[in-house]
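Trainee: build me a model from this:
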Amino acid sequence: MTLDRTVMAFAGLVILASLALAEWNSSYWLLLTALVGFMLIQSSISGFCPAAMVFKRLGVKPGKAFE
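Mentor: So this is what the prediction gives:
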């Protein structure tokens, strides 16, 4: 899996997990969903994505998601 697909999959997983946690535990978990959404918008504008930096250091190969 390429870096950009890994970041998108990770963001989707975190969103789904926070929605489940908000349903089962506390509605404060929705703040995590908002944070992920904010970071997605921020990274699309600035190109800075902390998750991509972490996955790159872990050895995920770079690529283009939509070719």
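
Trainee: make it CA atoms for all contacts and neighbour counts henceforth
Mentor: Fine.

Trainee: report the distance from stretch 47-62 to the chain centre.
Mentor: A distance of 11 Å separates the centroid of the chain from that of stretch 47-62, by CA atoms, centre = their mean, to the nearest Å.

Trainee: contacts made by it with the rest, please.
Mentor: By CA atoms under 8 Å, 6 or more residues apart in numbering, the residues outside stretch 47-62 that reach it are 1, 2, 3, 4, 6, 7, 39, 42, 43.

Trainee: mean confidence score for it?
Mentor: Across stretch 47-62, the average pLDDT comes to 92.

Trainee: residues of that stretch that come out buried?
Mentor: If you call a residue buried by 16 or more other CA atoms under 10 Å, then stretch 47-62 has these buried ones: 51, 52, 55, 56, 60.

Trainee: circling back: keep only those of the contacts of stretch 47-62 that are in strands.
Mentor: Of those, none are assigned to strands by DSSP state E.

Trainee: okay, who's weakest in the residues you listed by pLDDT?
Mentor: Lowest pLDDT among those: residue 1, 87.

Trainee: could you tell me how far that residue is located from residue 7?
Mentor: Separation of residue 1 from residue 7 (CA to CA, to the nearest Å) stands at 10 Å.

Trainee: so if I had to pick from the two, which one is more boxed in?
Mentor: Between residue 1 and residue 7, counted using other CA atoms under 10 Å, the more crowded position is residue 7 (19 against 11).

Trainee: separation between that one and residue 26?
Mentor: Residue 7 sits 26 Å away from residue 26, going by CA to CA.

Trainee: longest helix in the chain, please.
Mentor: In the chain, assigned by DSSP state H, the helix with the most residues is helix 3-24.

Trainee: out of everything not next to it in sequence, what's closest to the spatially most central residue of the chain?
Mentor: Ranked by distance to the mean C-alpha position of the chain (CA atoms, centre = their mean), the top residue is residue 11 at 2.4 Å. Nearest residue to residue 11 in three dimensions, chain neighbours excluded: residue 36, at 6.6 Å (CA to CA, 6 or more residues apart in numbering).
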